[in-house]
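Trainee: Mind looking at a prediction? Sequence and model below.
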Amino acid sequence: MSAAPPSRTASVVEPRRTSAALRQKNRPTSASVDRENRPDSKASATRKGATTTTETRTERRVVEERLIRRTRSPLKPTEASNARKSRDATEKPQKAEKVRSDGGAAQQPMTWSPQATLLPPTSSAPLASRMSMPPLSQHAPTSIDPPPLSNLGLDGQERAVIEDLLFVCMGFEGQYIRYVESYNPLDEQLRLTGPSFRIAHGLDPSLRDLAGGMLKTATHYAALEIFVEVMGREECGTVNHALGAAMRKLLKDYVILIAQLEHQSLTNTGFTLHQLNLHLKPTGHMITQLYSLAQEVLKENSMLGDHEEDVDQSDDFENILESLREGRDTAIPGKKSCKGGSVLRLVTRRLHASAGDPAATQLLTSLLRESSKPYMRMLNEWLHHGNVQDPHSEFFIKEQKSIRREGLQQDYTDEYWEKRYTIRPELVPPQLEGVKDRVLLAGKYLNVVRECGGITDMNRDLSNSGEVPHTFDDPRFLENVSSAYAFANRSLMTLLLTTHTLPARLRSLKHYFFLDRSDFFTYFLELSSSELRKPAKNVNAGKLQSLLDIVLRQPGSVAAEDPFKEDVKVTMSDTGLTGWLMRVVNVQGMDADASSLSIAYTGGGSTTGGKEEKDISGYEALTLDYAVPFPLSLIISRNTLTRYQLLFRYLLSLRHLEAQLTQSWTEHTKAAAWISKNRSKAKTDSQRKIENWKRRAWCLRARMLCFVQQLLYFCTSEVIEPNWTGFMARLEHSAAADDAPSDAADGGEAQLGGAKVKRTVDELMQDHVDFLATCLKECMLTNSKLLRINSKVMSTCSMFANYTSSLSRYLASADPDLAPSNEGSTASSKPDPAKLDKLFSILQQYEDHFSRHLKILLDALNYLAATETVVFLGLCARLSMANEGGPGGGPGPGAYG
């Protein structure tokens, strides 16, 4: 062993050694302790030697005790704390005998005897320290206080300060450097901020300045130790755990440095405070960077006070309920938290700000690499398996587990696709900001494929695979996202278009809901006419379903060859089409969102038109439903199916009105009251009036039939069919791009018609929604003014058609030639003027209502054709023909566009 450093006077050394010996527990590993535990006879024989030998061995024992004392912190726990606790009673007399054998002056018995205890383990932070906190030095008795610094020389002060700084740099109090009186080790906020130290009075100013600079490093180290323990709690998340583990490795290097400096102070007599300061400079800079980062993380986690500024306005009730359901602890609602992507965003921001500091850049790059590993595991699991493994809500993809695919049949708002997986903007790291939408879609697509059994490598261990990147700085990072997105999109497109035959499903929908090739439906209406004439609440839906099944299985029918005919069902709505559409359009319009639309459609939220809804007939309430299996229900969702039902009910109302007017025409051509001729050669004025009335009634019926037929032709041939053709062309392009060989496609792109076409499932879904929205708009079902006017015109036509039989009776009673002949009566009796006037009055009302409302409709269509869409211009030209032949001749086709 090298020579011991120059010792102080006995008055200085002995009290310090006695105090240190009382504050620590002996560890029986030193040679000096072994010599003391030898038999007394041998020890007494050794002490009977020469005086010089005794002095030399006493000096060596002093040096060895100092080595033991300085290499072990007086209050820091050791691995043998449990064993020492049981030996305290037997070791205390040996300690007292040892102190007295060192030649020190007689000491008073000490009443202050702090002991370290082992705390019970906690499940929330398994790596946290379990040792009790040491007592504060301000509570120690004054009898063990060291001598004042003013009584020591400059060299003695320097040695004392070096000795204390080595304690303080480990987070413990020294004899001359202690905590400030305001520091409370039981206050977690003060511990996370770090303890402040004060130096006793009497120290040389130059030494005080050097020591004061190193005390900041001690404060930061103590705060970082607590930060690592706090971030090790379960609720802080795996990213914070990884960040704490990386910091723990760096703090271990710091502790090794302190041990090396302590060895220098004990073995090198020329070791000065200035040298200690120089050795601590680089590591102190590292500790400062770590402390600054830790404080920012703590502030974002609302652990440093400022509760008014730390309130998070976003309430994640879904995750709170899920945590309670699984028995896990949950954070306090409304409290900010910084974990997962937020921590990575914070570290990345500090990394960009430290571009001019190479040491800080290297440090933060290392921290970012280590802390991003758990985040990358979650990202790879989402990209390659479609799973969200995020027990601590750290990943930027949020999963609503309460939304399940079993509820797709009642999902009117596309909630499964739009809300089951969403993005948390605050948890998106800067590295993923540009590709976050692709990451979301890749996982969503893959999740659907996985639920349909389309992924076979679900058991592949991605955490140890070299095929995927595991850190943000991996050069394959963005390539991994792009390739996963392309694979997921291609897999889902193949599943939809090939495995589940989406185009065939859509064509089946067109046959049933758009009445394409509707011979079967005409037959169904004939069979169920008696049932559909009843009020909607009295209609037997089961009987209608049976009749539809019979019609669909009729040999020779177009629907008989349809493989999906079993999925068509008959339902009865309790809300009229016009009243329901008017409520929705008046609230927010059809193109906004289908949420309130669906509520009204299912019978809720009725505020107006109650009488109309109660009095609707079976024809007005009849609609079809269609069962769509998963995953086709993502494309043909309940939202889009509701739009199909809207168009079906509108086309059905036009078809039914056309059938009524056609039946009226049949009665006009076959009933005796309409086809009878006057048998007398000379016609009276009343007879001429009756003939004129008939011509006006025929003309009005023809105008109404022309209006209905032209409107029906416009909706089917000029709106639905062209838009359907365009939609199916885009769908075929998607199938062609999906079936293209890999050498003709690059990243999901294929050469089609000389242009690159790249189709995704979301674009396909949007095309489907746009097709239906365009059809609804051009069929005048999304404009409140057009809805009201068109409803009035159609109501007038329906009332006229239903009133034809009553008009026939009125005509028969007013015409004397049709009156039944009695015994004494003649065939040439005069007609009743009152009945004749009533006939003209009724017909005039129908003519006025139809002409006025048709003119308003044409004016509105002309205005919308000039301001919104030119499609209405063709409809104006067609409907203007229905306005010809009215009272006074009526305006011709050139009057309206």
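Mentor: Received the coordinates, thanks.
Trainee: host element of the closest residue to residue 763 other than its chain neighbours?
Mentor: Once flanking residues are discounted, residue 763 sits nearest to residue 734: 8.0 Å by Cβ to Cβ, 6 or more residues apart in numbering. (C-beta placed from N, C-alpha, C; glycine too.) Residue 734 is located in helix 721-739, with elements delineated by DSSP states H and E.
Trainee: still on that earlier bit, can you get me a residue count around the residue nearest to residue 763?
Mentor: 25 (other Cβ atoms under 10 Å).
Trainee: ok, now residue 493?
Mentor: Residue neighbour count, defined by other Cβ under 10 Å, stands at 22 for residue 493.
Trainee: ditto for residue 574
Mentor: Residue 574: 15 neighbours (other Cβ under 10 Å).
Trainee: Looks like it contacts residue 537 (just checking).
Mentor: Yes: using Cβ atoms under 8 Å, residue 574 makes contact with residue 537 at a distance of 7.4 Å.
Trainee: Tell me, how many residues neighbour residue 778?
Mentor: If you count neighbours by other Cβ under 10 Å, residue 778 ends up with 21.
Trainee: now it: how far from residue 341?
Mentor: Using Cβ to Cβ, to the nearest Å, residue 778 is found at 45 Å from residue 341.
Trainee: Flag the shaky bits of the stretch 451-600 of the chain, pLDDT-wise.
Mentor: Applying pLDDT under 70 to the stretch 451-600 of the chain flags the ranges 454-461, 464, 586-600.
Trainee: Buried ones in the longest helix seen in the chain, by neighbour count?
Mentor: Identified as the longest helix of the chain according to DSSP state H is helix 833-867. The neighbour-count check on helix 833-867 (16 or more other Cβ atoms under 10 Å) flags 836, 839, 842-843, 846-847, 849-851, 853-855, 857-858, 860-862, 864-865 as buried.
Trainee: ok and the helix or strand just after it relative to helix 721-739, angle-wise?
Mentor: Remark: after helix 833-867, the chain's next helix or strand is helix 871-880, criterion DSSP H and E. Interaxial angle, helix 871-880 versus helix 721-739 (axes from the mean of the first three to the mean of the last three Cα atoms, to 10 degrees): 150 degrees.
Trainee: The stretch 301-450 of the chain: helices as residue ranges?
Mentor: Listed in chain order, the helices of the stretch 301-450 of the chain (DSSP state H, counting those that start in this stretch) span 317-326, 341-353, 358-385, 415-419, 436-451.
Trainee: if we can go back for a sec, can you pull the contacts of the residue nearest to residue 763?
Mentor: 493, 497, 759, 763-764 (Cβ atoms under 8 Å, 6 or more residues apart in numbering).
Trainee: now do residue 502
Mentor: 496, 632, 635, 731 are the contacts of residue 502 under Cβ under 8 Å, 6+ apart.
Trainee: and the nearest residue to residue 534 once chain neighbours are set aside, what pLDDT?
Mentor: Nearest residue to residue 534, sequence neighbours excluded (Cβ to Cβ, 6+ apart): residue 618, at 5.5 Å. In this model, residue 618 is scored at 84, pLDDT.
Trainee: again, but for the one 10 residues further on
Mentor: If you check residue 628, the pLDDT there is 88.
Trainee: Tell me if it really is in a strand.
Mentor: No: according to DSSP: H, G, I helix; E, B strand; the rest coil, residue 628 belongs to no strand; its state is coil.
Trainee: For it, grab the count of nearby residues.
Mentor: Residue 628: 21 neighbours (other Cβ under 10 Å).
Trainee: With residue 271 instead?
Mentor: For residue 271, using other Cβ under 10 Å, the count is 20.
Trainee: For residue 694, see how far away it is.
Mentor: 127 Å.
Trainee: Then residue 452?
Mentor: 66 Å.
Trainee: more neighbours, the two?
Mentor: Using other Cβ under 10 Å, the more surrounded residue of residue 452 and residue 694 is residue 694, with 20 against 17.
Trainee: For the more buried one, give its distance to residue 247.
Mentor: 99 Å.
Trainee: ok, residue 557 - contacts?
Mentor: 519-520, 523, 551.
Trainee: If any of these are buried, give me the ChimeraX selection for them.
Mentor: Listed next is the ChimeraX selection for buried residues among the contacts of residue 557, using 16+ other Cβ under 10 Å:
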select :520,551
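Trainee: Please, where are all the strands along the chain?
Mentor: 177-179, 197-199, 397-399, 421-423, 568-572, 622-626, 750-752, 755-757 (DSSP state E).
Trainee: hey, which of these is tucked in deepest?
Mentor: Mean neighbour count (mean count of other Cβ atoms under 10 Å) peaks for strand 177-179 among those, with a mean of 22.
Trainee: Give me the contact list for that one.
Mentor: By Cβ under 8 Å, 6+ apart, the residues outside strand 177-179 that reach it are 136-138, 161, 164-165, 167-168, 173, 195-200, 211, 215.
Trainee: Tell me the strands beside that strand, with direction?
Mentor: Neighbouring strands of strand 177-179 in its sheet, by DSSP bridges, are strand 197-199 (antiparallel).
Trainee: what's next to the strand it pairs with, contact-wise?
Mentor: 161, 168, 173, 176-180, 208, 211-212, 215, 218-219.
Trainee: Dump these into CSV; add distance to residue 623 as well.
Mentor: Output for the contacts of strand 197-199, formatted as CSV (distance: Cβ to Cβ, whole Å):
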residue, distance to residue 623
161, 90
168, 81
173, 82
176, 90
177, 85
178, 84
179, 79
180, 79
208, 89
211, 86
212, 84
215, 80
218, 78
219, 74
